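In: based on what follows, work out the 3D shape:
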Amino acid sequence: MSATEEEKQLIFYGAGHYGRLYLDHYADMGITPLCFADANKSIHHTKIKGEKTDTECEILPLSEALERYPRFELVITVVPDSYTDVHKFLVDSGINAERIRTPLPLNRASTPVAVPVSVQPKCPICGADINHRLRASIALFFRVRCRIPQEQTPEAIYCEECEHISFFPYPTDEQLSRYYDGYMDYFFLQERIAFEPNIASLKQTWTNQTSDHWIKRWSLWNEAFPERETFTGHIVDFGSGSSSLLYRIFPNAGKVTPYNIGDRLNLPEALSKCDMLCAMQVLEHIAEPAITLIGLTKHLKEGSMVWVEVPKDYDGELLERWTEIESSITTQCSLITMHEHIQHFSSKSLSALLNRCRVEPLKCFDIPGTKMIAVLGRTI
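Out: This next block holds a predicted model:
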């Protein structure tokens, strides 16, 4: 699909965070939309710029964009869980559904593809159709901090193919940005402890380097990296907030580059030069972990190492109870609660995620008692 094709004029609908993300993805393939359309009047006739490229596009009201480009093909570039609602809005606005598309997550070796919107939620890891859905509860502190309306109730969804659990729909970008504003600082923790008193003891566990939690994590790292003390390469640390932990794990690392979403850093350049990408305790917080990790790994050189570590929040007992509840008349359950972890990985889904990013999983770690899963892989 090309914006320069005579029969099609490419327009992106949705100039928020995901609009910038897809602008970068398409720019990597040499494709640029003619403009963005967006319902937010305050940004009309301004420009949107990619997060990691210099690509810019004008933002127009929908009616003006369609009038200017009558041979349009409209690609929805909003948070994926809003595709269905946005598709309905566009059709209700009189747009032919055959001219509305939503981009698939990009593969490092492929060109962007647009497909018709599906009303069926799909697994954010492997893309399989979801057949197991239960209404979920929302942790009170998470709801209050995100300002999620009381009537907004998500579903917990389970993928049989890769055994991944997530939610449909996710909180919006705006809601999540409220939650992570000042995340884990003094005021955030005090507010959270007021809602969840057990966080006070958990905080002591996180900060006590001699706790069982940290002993088991060091056991994991020693097993995964038996030669960690002699590693001298360059590491990009995605989403950690600090590089100090990796300097302790790899005391002789040549360089550790920390990166968080929104940082002013030439990330593609840093990734192209690094020997290892680490994403520790971060992907569980992200609405689209596959899109995010594909966007990172596509810049890595062949043979770079990838280390991904996530918490293990649920186990096999959950799935047995899930089936039991699905077959009952229960319509609301607290079996799955949405909080800041909006992705719940299994060993299978974490390996599937790396495979999707063209990273060969070398070893999976699911150590009993650690409540963590990790995969060490290598780009191919």
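
In: give me the pLDDT for Pro368.
Out: The confidence metric pLDDT takes the value 69 at Pro368.

In: again, but for Ser334
Out: Ser334 carries a pLDDT value of 54.

In: same deal with Met305?
Out: The confidence metric pLDDT takes the value 96 at Met305.

In: any idea how far it lies from Cys278?
Out: Using CB to CB, to the nearest Å, we find Met305 at a distance of 9 Å from Cys278. C-beta: built from backbone N, CA, C; applies to glycine.

In: for the host helix or strand of Ser63, list every residue counted as buried.
Out: Secondary-structure element containing Ser63, defined by DSSP states H and E: helix 62-68. When burial is assessed from 16 or more other CB atoms under 10 Å, helix 62-68 yields the following buried residues: Leu62, Ala65, Leu66.

In: export those to JSON lines and tack on distance to His44 and pLDDT?
Out: Conversion of the buried residues of helix 62-68 to JSON lines gives the following (distance: CB to CB, whole Å; pLDDT from 0 to 100):
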{"residue": "Leu62", "distance to His44": "10", "pLDDT": "94"}
{"residue": "Ala65", "distance to His44": "10", "pLDDT": "94"}
{"residue": "Leu66", "distance to His44": "14", "pLDDT": "93"}
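
In: can you give me the offset of stretch 30-46 from its chain's centre?
Out: Relative to its parent chain, stretch 30-46 has a centroid offset of 23 Å by CA atoms, centre = their mean, to the nearest Å.

In: can you tell me what sits against it?
Out: Here stretch 30-46 makes contact (CB atoms under 8 Å, 6 or more residues apart in numbering) with 1-3, 9-16, 19, 23, 26, 48, 55, 57-62, 65-66, 68-69, 74-75, 77, 112.

In: now swap in stretch 174-183 and tell me
Out: Residues from elsewhere that reach stretch 174-183, judged by CB under 8 Å, 6+ apart: Phe142, Arg145, Cys146, Arg147, Ile148, Pro171, Phe188, His285, Ala287, Glu340.

In: quick check: mean pLDDT of that stretch?
Out: For stretch 174-183, the mean per-residue pLDDT is 87.

In: how about that stretch: buried residues?
Out: Along stretch 174-183, these residues count as buried under the neighbour rule (16+ other CB under 10 Å): Gln175, Leu176, Arg178, Tyr179.

In: so which of those belong to helices?
Out: Assigned to helices by DSSP state H, the following of those qualify: Gln175, Leu176, Arg178, Tyr179.

In: so the third one versus Asn355, what's the distance?
Out: Okay, so that is Arg178. Relative to Asn355, Arg178 is positioned 34 Å away (CB to CB).

In: hmm, which helix or strand of the chain has the shakiest average pLDDT?
Out: For the chain, scoring each helix and strand by mean pLDDT, DSSP states H and E identifies strand 114-115 as the least confident one, at a mean of 46.

In: circling back: elements contacting the helix holding Ser63?
Out: The contact analysis (3 or more CB pairs under 8 Å, 6 or more residues apart in numbering; DSSP states H and E) places helix 62-68 against strand 9-13, strand 35-37.

In: Thr84: which of those strands is closest?
Out: strand 9-13 (13.7 Å; CB to CB).

In: off-centre distance for that closest one?
Out: Using CA atoms, centre = their mean, we find the averaged C-alpha position of strand 9-13 to lie 24 Å away from the chain's own average C-alpha position.

In: could you do stretch 273-292 as well?
Out: Remark: stretch 273-292 is offset 8 Å from the chain centroid, using CA atoms, centre = their mean.

In: what average pLDDT does that stretch get?
Out: Across stretch 273-292, the average pLDDT comes to 91.

In: for stretch 22-40, same thing?
Out: The average pLDDT within stretch 22-40 is 84.

In: first-to-last residue distance for that stretch?
Out: Stretch 22-40 has an end-to-end distance of 18 Å (criterion: CA to CA, to the nearest Å).

In: let me see the confidence value for Ser2.
Out: Model confidence at Ser2, given as pLDDT, is 38.

In: in space, what's closest to Ala200 - neighbours in sequence excluded?
Out: Ile193 (5.2 Å; CB to CB, 6 or more residues apart in numbering).

In: pretty sure the one you found sits in a helix.
Out: Yes: note on Ile193: a helix contains this position according to DSSP: H, G, I helix; E, B strand; the rest coil.

In: that one: how many residues sit nearby?
Out: For Ile193, the tally of surrounding residues (other CB atoms under 10 Å) stands at 16.
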